[in-house]
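**Q** everything below, folded, please.
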Amino acid sequence: MNLETHYMGLALKNPLVASASPLAKNLDNMRAMEDAGASAIVMFSLFEEQIKQERESLEDFANFAGESYAESLSYFPKASDYEVGMEQYMKLIQKASTSLHIPVIGSLNGTTKHGWIQYAKQMQEAGASGIELNVFFIPADFSLSGVDVESRYVDILSAVKASVEIPVAMKLSPFFSSIGNMCKRLDNAGADALVLFNRFYQPDFDIENQEIYSNLQLSTSSEIRLPLLWIAVLYGKISASIGASRGVEKAEDIIKYIMAGSDVVMTTSAILRNGIPYFKTMLNDLERWMTEHEYESVQQMKGSMSQEKVANPTAFERANYIKLLKSWSPSDTL
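**A** Predicted coordinates:
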């Protein structure tokens, strides 16, 4: 059984990739994921504002002591001498890239153009095989137009692509008025891969204490349909690789994403629920299904259910929406 695939220019042994998660904060975990069958690992995201906050906290601590006892300033190294988030992150990439036999992809969430470029360059120097740009941006400024928001994504991608030689992926949200056009713009701007879709963590309300709080909810297979739709529509229409992310709980979800047109399928929630060895379970189930259905390779299966390949392309569009609503009956809820 040939499970090999290509993603953002990288040759992978299978389509199952470990998406960005806290599991990648530990080199032993990354080794275990490789042993269990993960074909590549996306590092947890490096947040620019987190780095700035850590540096500022160190500087505030030193300055506080210095104001009390001027001579104490000589005892404190400069904040730049401390190993804060960025330095630790780059060292981990370096260790992982030299210890593992699978690609290690850095994940970057910046806030300024300088930050995106600077940290992307350092990821490349540390040995990352690629970079995933994880743009978490909520346009709460009402003066921003949709064009302004979209241009920010394209500008970030263009700036990073011009600064590094390793492949660059853009992880997208589904919140664009025209996802197809946005993907095409990023494809034209040089994206080596597009990952659909990002899961933004919106706040919730504690109505008793009247506080805002956030809690992590792991994804389920029920979330697969939106990215499945757009991957199936995009397949064959862009040059960039396509990564599927969201709702991957079992081999059936992997199969659906590949049939839609994904080059790789990324998972975290299933691993957090079931443990790192679950990579092997999903891959074994994938191979078993492919054998039973007489598939010899992932490439043979890829895109077979995309919009351009199915007998009824309108099933992805408005005609099917109308048909679905008309077909509902009260017995469906019983």
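**Q** helices of this protein, start to end?
**A** When assigned using DSSP state H, the helices of the chain occupy the ranges 27-36, 48-68, 85-99, 113-126, 146-161, 179-188, 225-234, 251-260, 269-274, 278-292, 298-301, 318-327.
**Q** can you tell me which of those helices the model trusts least?
**A** When the helices of the chain are ranked by mean pLDDT, helix 48-68 comes last with a mean of 44.
**Q** need the helices of the chain in TSV with mean neighbour count, can you?
**A** The C-beta positions use only the backbone N, C-alpha and C, and glycine is treated the same way. Below are the helices of the chain laid out as TSV (neighbours: other Cβ atoms under 10 Å):
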stretch	mean neighbour count
helix 27-36	17
helix 48-68	14
helix 85-99	17
helix 113-126	19
helix 146-161	16
helix 179-188	17
helix 225-234	21
helix 251-260	23
helix 269-274	18
helix 278-292	17
helix 298-301	17
helix 318-327	10
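**Q** quick one, which of those helices is nearest to E211?
**A** Nearest to E211, of all the helices of the chain, is helix 48-68, at 21.6 Å by Cβ to Cβ.
**Q** who wins for proximity to H6 among the helices of the chain?
**A** That would be helix 298-301 among these, by Cβ to Cβ, at 9.2 Å.
**Q** turn the helices of the chain into JSON lines, columns for distance to E308.
**A** Converted to JSON lines, these look like this (distance: least, Cβ to Cβ, whole Å):
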{"stretch": "helix 27-36", "distance to E308": "34"}
{"stretch": "helix 48-68", "distance to E308": "39"}
{"stretch": "helix 85-99", "distance to E308": "37"}
{"stretch": "helix 113-126", "distance to E308": "34"}
{"stretch": "helix 146-161", "distance to E308": "25"}
{"stretch": "helix 179-188", "distance to E308": "13"}
{"stretch": "helix 225-234", "distance to E308": "9"}
{"stretch": "helix 251-260", "distance to E308": "11"}
{"stretch": "helix 269-274", "distance to E308": "29"}
{"stretch": "helix 278-292", "distance to E308": "22"}
{"stretch": "helix 298-301", "distance to E308": "15"}
{"stretch": "helix 318-327", "distance to E308": "16"}
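**Q** among those, which is nearest A18?
**A** helix 27-36 (5.0 Å).
**Q** taking helix 85-99 as reference, get the angle to that closest one.
**A** Interaxial angle, helix 27-36 versus helix 85-99 (axes from the mean of the first three to the mean of the last three Cα atoms, to 10 degrees): 40 degrees.
**Q** and helix 27-36, what does it pack against?
**A** Packing partners of helix 27-36 (3 or more Cβ pairs under 8 Å, 6 or more residues apart in numbering; DSSP states H and E): strand 41-47, helix 85-99, helix 278-292.
**Q** what's the last one packed up against?
**A** Read it as helix 278-292. On a contact count with 3+ Cβ pairs under 8 Å, 6+ apart, helix 278-292 meets strand 16-18, helix 27-36, helix 251-260, helix 269-274.
**Q** pretty sure M8 is touching L194, no?
**A** No. In terms of Cβ atoms under 8 Å, M8 does not count as a neighbour of L194; the distance is 9.5 Å.
**Q** for the residue nearest to L283 when sequence neighbours are not counted, the count of nearby residues, please.
**A** Spatial nearest neighbour of L283, chain neighbours left out: G37 (4.6 Å); criterion: Cβ to Cβ, 6 or more residues apart in numbering. Neighbourhood size, G37 [other Cβ atoms under 10 Å]: 22.
**Q** neighbours of the closest residue in space to I212 that isn't next to it in sequence, how many?
**A** Leaving aside its chain neighbours, I212 sits nearest to P203 (4.8 Å; criterion: Cβ to Cβ, 6+ apart). The number of residues packed near P203 is 9, by other Cβ under 10 Å.
**Q** hmm, back to that, now the helices and strands packed on helix 278-292 as TSV including distance to V149?
**A** Listed next are the helices and strands packed on helix 278-292 as TSV, based on distance: least, Cβ to Cβ, whole Å:
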stretch	distance to V149
strand 16-18	28
helix 27-36	34
helix 251-260	26
helix 269-274	28
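**Q** so which of the ones you listed gets nearest I117?
**A** When these are compared (using Cβ to Cβ), the closest one is strand 16-18, at 25.3 Å.
**Q** who does that closest one touch, helix- and strand-wise?
**A** Applying 3+ Cβ pairs under 8 Å, 6+ apart, one finds that strand 16-18 makes contact with strand 41-47, strand 264-267, helix 278-292.
**Q** quick one: residues contacting the spatially most central residue of the chain.
**A** Of all residues in the chain, the one closest to the mean position by Cα atoms, centre = their mean is K171, 5.3 Å from it. Listed by Cβ atoms under 8 Å, 6 or more residues apart in numbering, the contact partners of K171 are E132, L133, N134, V135, L194, V195, F197, N198, G243, S245.
**Q** right, and the third one touches S19 too?
**A** No. Shown here, N134 and S19 do not form a contact pair, counting by Cβ under 8 Å, at 10.2 Å.
**Q** okay, those two: which has more neighbours?
**A** Between N134 and S19, S19 has the larger neighbour count (other Cβ under 10 Å), namely 29 against 21.
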